Structures are given as C-alpha cells and as structure tokens.
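Asker: sharing a model prediction with you, sequence too.
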Amino acid sequence: MRILILYDNVNSKAAEIANEILENVDSEFKRAFPVNKAHDACLLKYDFIILGGSVSKRSIPRELKQYVQRNMRTLKGKNIGIFITTYEKEKESKYLYKLYSKELVSSAYLTEFFYDENINTGFFSRPRTKTPNKGKINELNKSHIKSFIDKINELSARRKK
C-alpha cells in the first residue's frame with residue numbers, strides 16, 4: 001500500500017507525529033512532507049492518505065484547510081486517516097470538523113486527536129506560552145500514535161492478501 005502523510009507546519013507537533021507514523025508504518029512506499037510542498041496531483045499516486053494539523057492559539061492551519069477543500073473530491077475517493085494536535089481537549093471535535101469538514105471526517109478510515117500539554121498548568125485547557133518538550137512526543141500521545149499506526153498496518157496487511 002502506498003501511503004502519503006501531509007501535515008501542516010504551523011508548529012512542530014504535527015511534523016513530529018507525522019514522522020513517527022512514517023517511521024513505523026509498514027508500507028512498500030511511503031512519504032511525508034508539509035502540505036505547502038504538496039502538489040494536488042500527487043494524491044492520485046497513493047492508496048492511503050494521512051492528513052495532520054495542529055491547532056495553535058485557537059487557529060486552524062490555513063494551508064491544510066485550503067488543500068483539503070481544493071482536493072475534496074479526490075480525498076473522498078481514497079482511504080484516509082486524519083489527526084489534529086491541540087491543547088484544548090474539550091474542543092477537539094469542533095476543530096476536527098472545522099479543519100477537515102464533517103463530510104470528510106465521516107468518510108475517514110481513521111481519526112485521532114493528539115494533545116499538547118499546557119506547561120503552565122499541567123492541564124489541556126489554556127493556551128501555552130512556549131512549546132513544551134520540543135522534539136519529544138509526550139507519553140499520552142505515544143499510545144494513541146501506536147494505535148493509529150497499528151490500524152494502518154492492519155489495513156495494509158488486509159490489502160496484501
């Protein structure tokens with residue numbers, strides 16, 4: 001199965017998670033890069049597409065949203081996985097639908113939320129002032145990422161049979 005991972009580069013968390021997925025997913029052909037470097041036609045070359053975005057300061061990544069809107073027809077015809085990173089756990093669904101649309105979310109094979117901790121309070125609810133643990137994926141996310149990867153690998157194994 002050919003896998004493409006597109007992510008926003010608003011903050012490093014989406015890129016870190018995309019790279020973790022890329023390193024651990026079983027596929028004969030896999031690529032990951034920021035959405036601002038993606039060409040619309042490249043979607044046609046892949047069987048499974050993963051889209052990842054970071055919600056930062058209550059703002060969704062504009063480039064990723066525009067890419068999704070521009071390629072909605074193609075994306076709906078593919079197996080897709082989508083994720084967001086946010087520190088506002090109570091608003092995860094709102095951001096997911098705002099970024100990807102209800103139509104795309106409902107047709108997705110996988111959806112997942114990954115959380116950034118607020119370093120000021122230890123909770124997920126208030127904006128943070130600086131990026132915590134840059135270059136490290138927190139323990140809460142590791143199990144979610146592993147589960148996300150396992151589901152992709154299961155689909156890939158079924159397609160090989």
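Answerer: Done, it's in. Numbering: from 1, shown residues only.
Asker: secondary structure class for the residue nearest the centre of the chain?
Answerer: Geometric centre of the chain, nearest residue: residue 52, 2.2 Å, by C-alpha atoms, centre = their mean. What DSSP: H, G, I helix; E, B strand; the rest coil gives for residue 52 is strand.
Asker: which parts of the helix or strand containing residue 154 are buried?
Answerer: Remark: residue 154 resides in helix 139-160, with elements defined by DSSP states H and E. Under the neighbour-count criterion of 16 or more other C-beta atoms under 10 Å, helix 139-160 has 141, 144, 145, 148, 149, 152, 155, 156 buried. For glycine as for every other residue, the C-beta is placed from the backbone atoms N, C-alpha and C.
Asker: residue 76 touches residue 105, doesn't it?
Answerer: No. Applying C-beta atoms under 8 Å, one finds residue 76 not in contact with residue 105, separated by 11.1 Å.
Asker: buried set for stretch 47-55?
Answerer: For stretch 47-55, a neighbour-count test (16+ other C-beta under 10 Å) marks 48, 49, 50, 51, 52, 53, 54, 55 as buried.
Asker: count the residues that sit near the closest residue to the last one other than its chain neighbours.
Answerer: Right, residue 55. Using C-beta to C-beta, 6 or more residues apart in numbering and skipping residues adjacent in sequence, the residue nearest residue 55 is residue 86, 4.1 Å away. Per other C-beta atoms under 10 Å, the neighbour tally for residue 86 reads 23.
Asker: where's residue 86 relative to residue 13, distance?
Answerer: In this view, residue 86 and residue 13 are 9 Å apart by C-beta to C-beta, to the nearest Å.
Asker: likewise for residue 53?
Answerer: As judged by C-beta to C-beta, residue 53 and residue 13 stand 10 Å apart.
Asker: likewise for residue 50?
Answerer: Counting by C-beta to C-beta - residue 50 and residue 13 are separated by 15 Å.
Asker: likewise residue 144?
Answerer: Counting by C-beta to C-beta, the gap from residue 144 to residue 13 is 13 Å.
Asker: hey, what's in contact with both of those two?
Answerer: residue 114 (C-beta atoms under 8 Å, 6 or more residues apart in numbering).
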